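Peer 1: The following comprises the amino acid sequence and a computationally predicted model.
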Amino acid sequence: MKPQLLIVDDEKPTRDGLRHALEDHYDVYVAEDAKAAMSLLEEENFAVLLTDFRLPQEDGMKLIARAKSLPKPPICILMTAYGSEELAVDAMKHGADDYIAKGRLQIDELEMRIARALRQQHLEVENVSLRQQLQNKFGLENIIGESALMREVFDIVRQVAPTRAAVLLRGESGTGKELIAKAIHQLSPRAKQPLITVHCAALAPTLLESELFGHERGAFTGAHERRIGRIEQAQGGTLFLDEIGEIDQTLQVKLLRFLGERTFERVGSNKTQTADLRLIAATNKNLEQLVKEGKFRDDLYFRLRVVEITLPPLRERTGDIPLLAKSFLEEFSTENNKPVNDFTPDALEALMNYSWPGNVRELRTSIEHAVVLSRAEKITLRDLPAPGRAGATPVGATKLLPATDLTVSEAEKQLIARALKDCNGNKTTAAIKLGISRRTLHRKLHLYHLEGF
């Protein structure tokens with residue numbers, strides 16, 4: 001479809017001439033004054049408003065200001081026979097995207113300016129969309145959890161993100177430490193600067209030093225050219241050191257110095273460099289025990305843990321399993337183009353009862369496995385990998401859920417009802433048992449019409 005363009009001019013020959021010249025590329029509307037123009041602008045989504053400065057009752061700049069207040073404002077180009085630099089500046093202040101003098105108006109030039117403005121508008125819309133996608137990908141919106149433990153994590157993330165404080169993320173493998181690091185960065189004032197990640201356990205100590213601090217040409221065998229380290233690459237942004245407990249004593253000293261002075265030297269250089277960055281570290285090890293054993297410096301430990309966030313294992317927030325499983329199901333059914341949209345009760349029960357030693361990462365992989373092997377619109381117990389099936393209720397044992405065709409929502413309703421019954425109606429105790437907050441429980445009671453339980 002052609003972009004819609006509105007021409008506003010009180011002179012009929014000008015209106016008709018411009019319409020005839022532009023209608024090959026645009027769906028052209030015309031108006032003779034600001035009142036008629038606003039009526040059209042409120043009815044249609046115009047891509048471009050081309051208006052004369054001199055109009056009856058209300059001038060073109062006031063019309064542009066009103067047009068720019070619409071939910072989807074058009075590109076606004078002001079035409080006038082009374083051109084001056086002062087008028088051009090004033091037009092831009094009122095929201096005009098461009099300005100052209102009618103006395104020198106050339107159709108080719110006008111079409112070029114309109115096309116350029118449309119491209120610019122498209123880029124701005126695309127940038128907004130990309131920023132929103134980035135927020136959704138790395139912000140808290142992408143970290144699923146309604147349990148009290150996860151809500152506490154989210155609260156700390158929101159509090160610490162705007163600050164400069166170093167953060168130490170603790171938790172078992174697969175609990176989502178890297179996702180939390182990305183969320184802290186994305187919610188911080190450094191979000192437009194780089195987030196640089198280093199997996200400390202993946203490199204030998206000598207290589208890790210070069211990776212972090214960089215090196216000069218000839219610093220060691222194989223150093224054929226200067227290398228900029230991750231610290232310099234993270235300038236102005238965030239450096240995320242995963243598995244920080246794996247670094248050796250020599251590197252610990254150098255990292256401690258950098259955290260204290262924000263200065264460092266590349267390997268093979270005596271020149272001092274500086275870097276302004278925010279440090280986030282993560283570990284699944286007991287750093288306190290490593291300090292006692294003399295394997296990790298206590299002064300570095302305290303530097304790293306200005307704020308400490310501990311991510312709970314999945315077995316301690318079982319109430320989040322249906323939410324996570326459903327999210328992964330939607331992701332992988334779309335990715336694999338398979339119409340799988342739910343779980344059978346025994347499959348969901350198995351997911352809820354399994355201990356998940358690999359945490360969220362293991363659950364995600366298990367759901368992908370199940371989607372790939374599924375033969376129906378619902379994931380069955382047979383579709384789950386062997387470890388996931390271990391959570392199934394043995395034959396002859398009392399089942400948590402009846403063997404009927406329930407949806408995830410129906411199964412969740414039964415889980416809540418069962419918890420309330422087990423807790424004699426005590427909502428606080430039931431919420432703790434389910435691994436969710438009391439507020440979330442009240443919301444779900446209303447959702448499932450269980451208020452009078």
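Peer 2: It's in.
Peer 1: need the helix or strand of this structure with the lowest average pLDDT.
Peer 2: helix 107-138 (a mean of 70; mean pLDDT, DSSP states H and E).
Peer 1: Quick one: the strands in this protein, in order.
Peer 2: 4-8, 27-31, 48-52, 75-80, 98-101, 167-170, 195-199, 238-242, 263-265, 272-274, 278-283, 307-310, 342-343, 378-379 (DSSP state E).
Peer 1: Run through who's touching the first one.
Peer 2: For strand 4-8, contacts defined as C-beta atoms under 8 Å, 6 or more residues apart in numbering pick out 15, 18-19, 22, 26-34, 36-37, 40-41, 44-52, 55, 60, 63, 74, 114. (Glycine included, C-beta is placed from N, CA and C.)
Peer 1: Those residues, buried ones only, as a ChimeraX selection?
Peer 2: Per 16 or more other C-beta atoms under 10 Å, the buried members of the contacts of strand 4-8 correspond to this ChimeraX selection:
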select :15,18,22,26,28,29,30,31,32,33,34,37,40,41,46,47,48,49,50,51,52,55,60,63,74,114
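Peer 1: so what are the domain limits for the chain?
Peer 2: Here the domain assignment for the chain is 4-131, 142-312, 315-447, based on automatic domain parsing.
Peer 1: average pLDDT across the longest one?
Peer 2: So the one you mean is domain 142-312. Throughout domain 142-312, pLDDT has a mean value of 92.
Peer 1: how long is it end to end?
Peer 2: Taking C-alpha to C-alpha, to the nearest Å, domain 142-312 runs 17 Å from one end to the other.
Peer 1: Check the last one too.
Peer 2: For domain 315-447, the separation between the terminal residues is 25 Å (C-alpha to C-alpha).
Peer 1: Need the nearest residue in space to Thr283, chain neighbours excluded.
Peer 2: Gly245 (4.4 Å; C-beta to C-beta, 6 or more residues apart in numbering).
Peer 1: I'd say the one you found and Leu290 touch.
Peer 2: Yes - the pair Gly245 / Leu290 is scored as a contact, 6.1 Å apart, by C-beta atoms under 8 Å.
Peer 1: Overlap in contacts, those two.
Peer 2: Joint contacts of Gly245 and Leu290 (C-beta under 8 Å, 6+ apart) are Phe296.
Peer 1: ok, the residue nearest to Thr283 to His449 distance?
Peer 2: 49 Å (C-beta to C-beta, to the nearest Å).
Peer 1: And the two? Which one has more around it.
Peer 2: Each of Gly245 and His449 has its neighbours counted (other C-beta atoms under 10 Å); Gly245 has more, 18 against 9.
Peer 1: Now do the same contact list for the more buried one.
Peer 2: 283-285, 287, 290, 296.
Peer 1: Quick one: buried ones out of the residues you listed?
Peer 2: Counted by 16+ other C-beta under 10 Å, the contacts of Gly245 give 283-284, 287, 290, 296 as buried.
Peer 1: Span of stretch 270-281 from start to end?
Peer 2: Between where stretch 270-281 begins and where it ends, there is a gap of 27 Å, by C-alpha to C-alpha.
Peer 1: quick one: it to chain centroid distance?
Peer 2: 26 Å (C-alpha atoms, centre = their mean, to the nearest Å).
Peer 1: Help me confirm that Glu172 comes into contact with Pro313.
Peer 2: Yes - counting by C-beta under 8 Å, Glu172 touches Pro313, with 5.1 Å between them.
Peer 1: hey, what's in contact with both of these two?
Peer 2: Asn359.
Peer 1: could you pull out the helices for the stretch 301-450 of the chain?
Peer 2: 321-335, 345-353, 359-373, 386-389, 408-422, 427-434, 438-447 (DSSP state H, counting those that start in this stretch).
Peer 1: Let me have the ones you listed in CSV, adding distance to Gln106, mean neighbour count and mean pLDDT as columns.
Peer 2: Below are the helices of the stretch 301-450 of the chain laid out as CSV (distance: least, C-beta to C-beta, whole Å; neighbours: other C-beta atoms under 10 Å; pLDDT from 0 to 100):
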stretch, distance to Gln106, mean neighbour count, mean pLDDT
helix 321-335, 50, 18, 92
helix 345-353, 68, 22, 88
helix 359-373, 59, 19, 95
helix 386-389, 70, 16, 81
helix 408-422, 63, 18, 78
helix 427-434, 71, 19, 75
helix 438-447, 62, 15, 77
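Peer 1: what's the closest of those to Gly260?
Peer 2: Within those, the stretch nearest Gly260 is helix 359-373; the backing value is 34.1 Å (C-beta to C-beta).
Peer 1: what helices or strands is that closest one leaning on?
Peer 2: Packing contacts for helix 359-373, counted by 3 or more C-beta pairs under 8 Å, 6 or more residues apart in numbering; DSSP states H and E, involve helix 321-335, helix 345-353, strand 378-379, helix 386-389.
Peer 1: Can you check what angle separates that helix from helix 345-353?
Peer 2: Angular relation of helix 359-373 and helix 345-353 on a 0 to 180 degree scale: 160 degrees, by axes from the mean of the first three to the mean of the last three C-alpha atoms, to 10 degrees.
Peer 1: mind checking how far stretch 10-22 is from the chain centre?
Peer 2: 47 Å.
Peer 1: And for stretch 243-257?
Peer 2: 31 Å.
Peer 1: got the end-to-end distance for it?
Peer 2: Rule used - C-alpha to C-alpha; the end-to-end distance of stretch 243-257 is 19 Å.
Peer 1: Which positions in that stretch come out as buried?
Peer 2: 243-247, 251-252, 254-256.
Peer 1: quick one: buried residues of stretch 228-242?
Peer 2: In stretch 228-242, counting by 16+ other C-beta under 10 Å, buried: 229-232, 234-235, 237-242.
Peer 1: how about the residue nearest to Ala47 when sequence neighbours are not counted, what does it touch?
Peer 2: Spatial nearest neighbour of Ala47, chain neighbours left out: Pro3 (3.7 Å); criterion: C-beta to C-beta, 6+ apart. Each residue near Pro3 by C-beta under 8 Å, 6+ apart is listed here: 25-27, 47-48, 118.
Peer 1: what do you get for Glu109?
Peer 2: Ile100.
Peer 1: do you know how far it is from Asp52?
Peer 2: As for Glu109, its distance to Asp52 is 17 Å (criterion: C-beta to C-beta).
Peer 1: same question, Val253
Peer 2: 72 Å.
Peer 1: With His446 instead?
Peer 2: Where Asp52 is concerned, His446 sits at a distance of 57 Å (C-beta to C-beta).
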